[in-house]
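Peer 1: Could you look at this predicted model? Sequence included:
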Amino acid sequence: MDSTKTTEAAAASPGRVLVVDDDPVIRELTAAALTKAGHLVDIAKDGVEAWRILQLHGYDLLITDYNMPGLSGVQLIKNLRAAGMNLPVILVTGSVPDDEFSCRPWPEPEATLFKPITFAELFDAVRTVLRAHALRLGEAAGGPILPIVGAGPEKPSSKP
């Protein structure tokens, strides 16, 4: 991963994040970068540990590797959806086997990042997914739909 100026941008929408990866270097680097960007981060070494943690604590976002022993990232997402947990997910993978896409229903993470990824790509995905999730929660609660910060000023209406 590559350090960039997007650390400040990622901190614009901090949240509580669970990072799951069986590679300790990737797991620790990802957690450290997100923590530096202002997020509260917990880690899990595999899908089994992550599933246990998810049943005990609430999170704003799950970032999970695809290929892990015991319980893959896709299986973890399926567990979440089956349990009715409305948690947004970023799936990080080197590749997704074609037979995985043929599984029905495909668990559809909110974003998929293909390795190798940069911190800029990670922060952009985190920011985008957290903002979209916040908007969906506002709509579901009947609250106002707020503009995305940084989207630019609204153009004044030409109607009187």
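Peer 2: It's in.

Peer 1: low-confidence ranges in this protein?
Peer 2: Applying pLDDT under 70 to the chain flags the ranges 1-13, 96-106, 139-160.

Peer 1: Pull out the buried residues from the helix or strand hosting residue 53.
Peer 2: If you go by DSSP states H and E, residue 53 is part of helix 47-56. Within helix 47-56, the residues scored as buried using 16 or more other CB atoms under 10 Å are 47, 48, 49, 50, 51, 53, 54. Where C-beta positions appear, they are placed from N, C-alpha and C, glycine not excepted.

Peer 1: For it, name the packing helices and strands.
Peer 2: On a contact count with 3 or more CB pairs under 8 Å, 6 or more residues apart in numbering; DSSP states H and E, helix 47-56 meets strand 16-20, strand 40-44, strand 61-65, helix 73-82.

Peer 1: Report the separation between residue 94 and residue 62.
Peer 2: Separation of residue 94 from residue 62 (CB to CB, to the nearest Å): 18 Å.

Peer 1: ok, the two, which is more surrounded?
Peer 2: residue 62 (26 against 10; other CB atoms under 10 Å).

Peer 1: Might you report the residue contacts of residue 64?
Peer 2: Shown in contact with residue 64 (CB atoms under 8 Å, 6 or more residues apart in numbering): 19, 20, 21, 47, 50, 73, 76, 77, 89, 90, 91, 92.

Peer 1: hang on, the last one in a strand?
Peer 2: Yes. Under the criterion used here (DSSP: H, G, I helix; E, B strand; the rest coil), residue 92 sits inside a strand.

Peer 1: Which of the helices or strands spans the nearest residue to it once chain neighbours are set aside?
Peer 2: Nearest residue to residue 92, sequence neighbours excluded (CB to CB, 6 or more residues apart in numbering): residue 113, at 4.9 Å. Using DSSP H and E, residue 113 sits in strand 111-114.
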